[in-house]
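>>> Below: sequence and its predicted model.
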Amino acid sequence: MKIFHGFLINKNFQLQTINRKLSFSKILFIIILIVILYFISNNYNHNFEFFFCFCSMGRQENLYVKELISYYMSIGVDKFVFADNNLPNTEKFSDILQDYIKNGTVDIIEIFGDSYGQNYYNTLYENYRKRCKWLSFFDFDEYLVMHFNESKNITVQEFLTNPLFKKCDAIEFNWLMYTDNNLLYYDNITLLERFTEPNYENYANRFVKSIVRGNLGRGIFFGSIHQPDNSLRLYNSLGRTS
């Protein structure tokens, strides 16, 4: 009796141990699932302050910066961040953009005279990734044109909400270089009026610039603004993986 009774006690103990292990595994699984869902939700359902942020770093761009803002606002951009890299005691973006700064459309980061490389765009991304659903990293002479099936230029909202881009982290756009049309001087003519002849044979057309999803939580460029991190899910402008 004692031996049999002892066997029952040991068996019950073993069953209780197994049940505890199963319960612990279930709890661990639930915790991991919650963490995964949190990060998915944090990345894709984050309550962003802005839909699209135009980020750029520039010097001696005051002649063109208002034209740039006007164009990008016309296609739905609602936030601009300019890293002002002008030389000290020269022009500043804030000299002519006070109205945009006051209403919150434009933020200026002053890095006067600093010799930052293009990796400074990683700093801009880190500073604004939690506030903006999408961020672009273009120069002041780069104008984004988006369309589907040769339709008219559409807004960033229409383009980026297309199901083609639901799973991507970044979208790469090829350059299309233009000739100078023999218009070598400003003459108070806008960039879009001056440069109207594409140069399809230009070697630089193979280069890309990117729109990046916000809140990825990592550096997004590796050495150059033209080279997004390969660990990102990269798509081209046609919605295909790069």
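Ah, there it is. Keep in mind that this is a model prediction, so the values were computed, not measured. Residues are numbered from 1 along each chain as shown.

>>> so residue 52 bridges to which residues?
Listed beta-bridge partners, residue 52: residue 134 (assigned using DSSP bridges).

>>> ok, it - contacts?
By Cβ atoms under 8 Å, 6 or more residues apart in numbering, the contact set of residue 52 is 76-79, 132-136, 156-157, 160. From N, CA and C alone the C-beta is placed, and that goes for glycine too.

>>> Nearest to residue 66 among the residues you listed?
residue 77 (13.9 Å; Cβ to Cβ).

>>> Please tell me how far that closest one sits from residue 89.
31 Å (Cβ to Cβ, to the nearest Å).

>>> of those two, who's got more company?
Applying other Cβ atoms under 10 Å to residue 77 and residue 89 shows that residue 77 carries more neighbours, namely 23 against 8.

>>> helix, strand or coil for that one?
What DSSP: H, G, I helix; E, B strand; the rest coil gives for residue 77 is coil.

>>> That one touches residue 68, doesn't it?
No. Counting by Cβ atoms under 8 Å, no contact exists between residue 77 and residue 68, whose distance comes to 9.9 Å.

>>> Tell me where the chain has strands.
In the chain, the segments counted as strands under DSSP state E are 50-58, 79-84, 106-110, 132-137, 170-174, 208-213, 234-236.

>>> Turn these into a markdown table, columns for mean pLDDT and distance to residue 31.
As requested, these are exported to a markdown table (pLDDT from 0 to 100; distance: least, Cβ to Cβ, whole Å):
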| stretch | mean pLDDT | distance to residue 31 |
| --- | --- | --- |
| strand 50-58 | 96 | 33 |
| strand 79-84 | 97 | 36 |
| strand 106-110 | 96 | 39 |
| strand 132-137 | 96 | 29 |
| strand 170-174 | 94 | 31 |
| strand 208-213 | 94 | 26 |
| strand 234-236 | 94 | 32 |
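
>>> isn't residue 78 right next to residue 51, touching?
Yes. Contact criterion Cβ under 8 Å: residue 78 and residue 51 qualify, at 5.8 Å.

>>> residue nearest the centroid of the protein?
Centroid check for the chain by Cα atoms, centre = their mean gives residue 212 as the closest residue, at 2.4 Å.

>>> distance of the nearest residue to it once chain neighbours are set aside from residue 188?
Counting by Cβ to Cβ, 6 or more residues apart in numbering, residue 170 is the residue found nearest to residue 212 once chain neighbours are left out, at 4.5 Å. Noted for residue 170: a distance of 37 Å to residue 188, by Cβ to Cβ.

>>> Which one of the two is surrounded by more residues?
More crowded of residue 170 and residue 188, by other Cβ under 10 Å: residue 170, with 23 against 7.

>>> ok, residue 196 - contacts?
Neighbouring residues of residue 196 by Cβ under 8 Å, 6+ apart: 178, 181.
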